[in-house]
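1. sequence unknown, structure follows:
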C-alpha cells in the first residue's frame, strides 16, 4: 500500500513543526525517517497515523485521504509511538486480546492472531507475565505485537529502540527487518546506524523540511563527488612516489597521511578514477602498493552537514 504525502504543514502556535513537506513511500518499502530531536519526525508520523490533523496539505494512503477517510486508513496502519503506552498491570495475552477487540477482529480469529503475534514477536516464554515485569526490550516486542495484531499493510514505528541495550537493539532490528519483507514500514530514528542497518531508503528531515531523500549509497556519492583513495606505496623514496602519483592526469591532489609508513590520500578530478593509472605507474616504477582503498564519506558527516547551520 503506497503512501503519498503532499505539502504537509503542521503548526504548534507560531512554530511550524512540519513545513510543506512532500514524499512518497512505495508498497513494501522500509523508509528510514531520520533527523535531529525536534525536527518534526514524530509530528509527521502522528499525521500519517491520523492521530492529529495538519493545517495544510494531505496524505493519501492506498488512495484514501486522511481528511476524508481517516477510519478506513486506521484499519491499514499499525503504530508504535515513541513512549510505547502499555497497560502495565495486564499480562501480555490479555493485553493483546484487548487490542484485538478494539480493532474489531472477529471473535473466532482472535486466538489465532494472538498465537501468531506471540510467535512473530518472540514472546512465547513471557506471554503470561504482567507487562510491568518485562524488560524494556520485551515491552518493545509487546508494542510491536499490538501494532501488528490487526495485520496492517503499513507499520509506523517512532524511535523503536530508544532505551534498549545493544543486544535488545539488534533483536528489535532483526524483527523489524523480518516484518519489513511483508509490509510497508516507516521507521523514525536519530540513530544513523539503526536506519542504515534496517532501511531501504533514507529521508532526512530538519526544521520541519525534507533535506535529503535517497539510499545511504546515493547520499554518500552525492556528498563525496570526487574519488578519494587511501594509498600506501613502498619500494621507492617518498618524495619520488609523491611526484609520480601527482603526475597522473586524473589526479587532482595528493596529501601525506603517514610519512613514516608512506601513506597518501589521493583525490581524483570530478567524474574520473585514478585506480588503474596508479597501478600502471607503480608497476612502471617498480613501486609496491601496500594499500589502496576508497575513503567513504561517513553517513554521520553527511547528517551533520545537512542538519547543522
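-> Yep, it's here. Since this is a predicted model, take the numbers as computed values, not measurements. Numbers count the residues shown, from 1 in each chain.
2. rest of the way, CA atoms for contacts and neighbours
-> Fine.
3. Apart from its neighbours in sequence, what residue is nearest residue 113?
-> Distances taken as Cα to Cα, 6 or more residues apart in numbering place residue 149 nearest to residue 113, at 6.3 Å, with adjacent residues excluded.
4. burial of residue 308, as a residue count?
-> Other residues within reach of residue 308, judged by other Cα atoms under 10 Å, total 8.
5. returning to that earlier point: surely the residue nearest to residue 113 touches residue 115?
-> No. Counting by Cα atoms under 8 Å, residue 149 stays clear of residue 115, with 10.0 Å between them.
6. Which one of the two is surrounded by more residues?
-> Ranked by neighbour count (other Cα under 10 Å), residue 149 and residue 115 place residue 149 first, with 22 against 15.
7. Where does the nearest residue to residue 261 once chain neighbours are set aside sit: helix, strand or coil?
-> Nearest non-adjacent residue to residue 261, counting by Cα to Cα, 6+ apart: residue 232, 7.5 Å away. Three-state call for residue 232 (DSSP: H, G, I helix; E, B strand; the rest coil): strand.
8. thought residue 271 was touching residue 251?
-> No. Counting by Cα under 8 Å, residue 271 sits too far from residue 251 to count as a contact (11.3 Å).
9. So those two - more neighbours on which side?
-> Higher neighbour count among residue 271 and residue 251: residue 251, with 22 against 9, using other Cα under 10 Å.
10. and the gap between residue 143 and residue 32?
-> Distance check for residue 143 against residue 32: by Cα to Cα, to the nearest Å, it reads 19 Å.
11. Same check on residue 5?
-> According to Cα to Cα, residue 5 stands 15 Å off from residue 32.
12. And residue 38, by the same measure?
-> Noted for residue 38: a distance of 16 Å to residue 32, by Cα to Cα.
13. next one: residue 214
-> Between residue 214 and residue 32 the computed distance is 10 Å (Cα to Cα).
14. And residue 284, by the same measure?
-> From residue 284 to residue 32 the distance is 48 Å (Cα to Cα).
15. ok, those two, which is more surrounded?
-> Per other Cα under 10 Å, whichever of residue 284 and residue 32 has more neighbours is residue 32, with 28 against 9.
16. what's near enough to touch that one?
-> Residue 32 is in contact with 186, 187, 188, 189, 195, 196, 198, 199, 200, 201, 202, 203, counting by Cα atoms under 8 Å, 6 or more residues apart in numbering.
17. distance of it from residue 201?
-> Applying Cα to Cα, the value for residue 32 to residue 201 is 6 Å.
18. got a list of contacts for stretch 157-165?
-> Residues outside stretch 157-165 that contact it (Cα under 8 Å, 6+ apart): 42, 45, 79-82, 136-137, 140, 168-169, 172, 185-190.
19. To clarify, my last question referred to stretch 254-267.
-> Under the contact criterion Cα under 8 Å, 6+ apart, stretch 254-267 has outside partners 226-234, 238, 242, 245-246, 251-253.
20. and if we set it to 6 Å?
-> Under the contact criterion Cα atoms under 6 Å, 6 or more residues apart in numbering, stretch 254-267 has outside partners 227, 228, 229, 230, 231, 232, 233, 252, 253.
21. So what's the gap between that stretch and the chain middle?
-> The chain centroid and the centroid of stretch 254-267 are separated by 34 Å under Cα atoms, centre = their mean, to the nearest Å.
22. Endpoint to endpoint, it covers what distance?
-> End-to-end distance of stretch 254-267 (Cα to Cα): 6 Å.
23. do stretch 10-30 as well
-> End-to-end distance for stretch 10-30: 24 Å, by Cα to Cα.
24. Show residues contacting it.
-> Everything outside stretch 10-30 that qualifies as a contact, by Cα under 6 Å, 6+ apart, is 1-9, 40, 54-55, 183-186, 199-200, 208-209.
25. Okay, strands next: where are they in the chain?
-> With strands called from DSSP state E, the chain shows them at 3-12, 15-25, 30-34, 56-61, 64-65, 77-80, 154-158, 184-189, 201-206, 209-214, 228-234, 251-258, 263-268, 288-294.
26. Just the pLDDT for residue 309.
-> Looking at residue 309, its pLDDT reads 58.
27. same thing with residue 151?
-> pLDDT for residue 151: 93.
28. quick revisit: with distance to residue 308 and mean pLDDT added, can I get the strands of the chain in TSV?
-> Formatted as TSV, the strands of the chain follow (distance: least, Cα to Cα, whole Å; pLDDT from 0 to 100):
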stretch	distance to residue 308	mean pLDDT
strand 3-12	22	95
strand 15-25	17	93
strand 30-34	14	91
strand 56-61	27	95
strand 64-65	34	96
strand 77-80	28	95
strand 154-158	22	94
strand 184-189	17	91
strand 201-206	9	91
strand 209-214	11	89
strand 228-234	24	93
strand 251-258	28	91
strand 263-268	26	92
strand 288-294	26	93
